[in-house]
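Student: what shape does this take:
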Amino acid sequence: MIHSSDRHNGSALPVSAPRRRLLVIFNPTAGRRRPGYLDRALAAARGAGAGIELSATTAAGDAERMAAAAVRSGGFDAIVAAGGDGTINEVINGMVGAALVAGLPLPALGIVPLGTANVLAHELGMAAEAGSVGRWLATAPARPIRLGRANGRLFVQMAGVGMDARVVAGIDPVVKRRLGKGAYALGSLREIMAGPRCDYRVRATGPDGSVTALEGASAIICNGHYYGGTFVLAPAARLDADGFQLVLFQRAGRLAALSYATAMVLGLIPTRRDVTILPVTAVEIEGPAGEPVQGDGDVIARLPLRIERLPIPLNVLSSGTV
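Tutor: Residues are numbered from 1 along each chain as shown. From the prediction side, this is the model:
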């Protein structure tokens, strides 16, 4: 595990500019996809006055444990997840979990996008060149976003049941490292060829408290409006909104799956009559017990599922409004 701390770098800082203390938790595996990006971002952050401590993950779960320990130590203004959406998800669960259990202040979240899809980075306007990202980490204001909770596990961008969850569950990490987004394309093709699967029973609670019973072949609960990179399933979804957007795909089978995939690439999902999009504040989904639930690109829960809002916001360092 790598740990290093910055001291004053010799440049004069304005008295009015407080030095932001950052813990950067980085995934070296993700960093291989963008060589040099993290170093350039951190150099820019230091140049803009940030104090940085660096911690490298070596195994799944490390980022969550590091983030929880940082919250308990109380020594940081922000915890920065440098990696993909999976690393960000671990960091969020670690920092929020520790703060809630112990009643401690919650630092802000920062990100350095090093992953395959970097969906949250696109949502926050942080998918930019490294120098800009580093300067934002040091100086950008923190803005509140809302998180989702799937069977107790937090997610920030989206959660899903059905085809996309099975794709995520079936991806070999070695293939993902080699092929990047191509691994998801291969997984999607495999699921399409597998043919029809079961329907899921959905109970959706609307903003007015009414409950609607639905059925569908796949469901995506969107917290942000980007999915799988910069595809848009639910244009009205926003990270600072009070609820989610439920996207329910009604038809199963190979032809339906191919049609939905084409519509997603063309930006036509919101226009489909066989896709239901509803504003919701909570969702319950039933189907075969133990089926995977994906959140932010990793399996985070199993059916049966309940999704609800985390009652407290999380502040994020962002280039603009969320």
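Student: how about the helices in this structure?
Tutor: 28-31, 37-47, 62-73, 85-102, 119-124, 130-139, 163-170, 173-179, 181-194, 254-266 (DSSP state H).
Student: give the other helices and strands that the shortest one contacts.
Tutor: For helix 28-31, the contact count by 3 or more C-beta pairs under 8 Å, 6 or more residues apart in numbering; DSSP states H and E identifies strand 78-83 as packing neighbours. (Each C-beta comes from the backbone N, C-alpha and C, glycine too.)
Student: which strands and helices sit next to the strand it packs on?
Tutor: strand 21-26, helix 28-31, helix 62-73, helix 85-102, strand 108-113.
Student: again, 7 Å this time
Tutor: Here strand 78-83 touches strand 21-26, helix 62-73, helix 85-102, strand 108-113, going by 3 or more C-beta pairs under 7 Å, 6 or more residues apart in numbering; DSSP states H and E.
Student: could I get those as CSV with mean pLDDT, mean neighbour count and distance to residue 278?
Tutor: Below are the helices and strands packed on strand 78-83 laid out as CSV (pLDDT from 0 to 100; neighbours: other C-beta atoms under 10 Å; distance: least, C-beta to C-beta, whole Å):
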stretch, mean pLDDT, mean neighbour count, distance to residue 278
strand 21-26, 97, 24, 36
helix 62-73, 98, 20, 32
helix 85-102, 96, 22, 24
strand 108-113, 97, 28, 28
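Student: among these, which comes closest to residue 264?
Tutor: Proximity to residue 264 (C-beta to C-beta) singles out helix 85-102 among those, at 17.5 Å.
Student: returning to that earlier point: and among the helices of the chain, the most buried is which?
Tutor: helix 119-124 (a mean of 25; mean count of other C-beta atoms under 10 Å).
Student: helices or strands next to that one in the packing?
Tutor: Here helix 119-124 touches helix 85-102, strand 108-113, strand 226-227, going by 3+ C-beta pairs under 7 Å, 6+ apart.
Student: so which of the helices and strands packed on strand 78-83 is nearest residue 204?
Tutor: Closest among the helices and strands packed on strand 78-83, once you apply C-beta to C-beta, is helix 85-102, at 23.6 Å.
Student: output that closest one as PDB, nothing but the C-alphas.
Tutor: Extracted in PDB, the C-alpha atoms of helix 85-102 (Å, rounded to 0.1, in the frame of the first residue of the first chain):
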ATOM      1  CA  ASP A  85     -17.300   4.000 -11.000                       C
ATOM      2  CA  GLY A  86     -16.700   0.900  -8.900                       C
ATOM      3  CA  THR A  87     -13.900   2.600  -6.900                       C
ATOM      4  CA  ILE A  88     -16.200   5.600  -6.400                       C
ATOM      5  CA  ASN A  89     -19.000   3.400  -5.200                       C
ATOM      6  CA  GLU A  90     -16.700   1.800  -2.600                       C
ATOM      7  CA  VAL A  91     -15.400   5.200  -1.400                       C
ATOM      8  CA  ILE A  92     -19.000   6.500  -1.100                       C
ATOM      9  CA  ASN A  93     -20.100   3.500   0.900                       C
ATOM     10  CA  GLY A  94     -17.100   3.700   3.200                       C
ATOM     11  CA  MET A  95     -17.300   7.400   4.000                       C
ATOM     12  CA  VAL A  96     -21.100   7.700   4.300                       C
ATOM     13  CA  GLY A  97     -21.300   4.400   6.300                       C
ATOM     14  CA  ALA A  98     -18.600   5.600   8.800                       C
ATOM     15  CA  ALA A  99     -20.200   9.000   9.200                       C
ATOM     16  CA  LEU A 100     -23.700   7.600   9.900                       C
ATOM     17  CA  VAL A 101     -22.500   5.000  12.300                       C
ATOM     18  CA  ALA A 102     -20.400   7.300  14.400                       C
END
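Student: so what touches that helix?
Tutor: If you take C-beta atoms under 7 Å, 6 or more residues apart in numbering as the criterion, helix 85-102 is touched by 25, 27, 30, 63-68, 70-72, 79, 81, 104-107, 109, 111, 115, 117-120, 147, 153-157, 295-298, 314.
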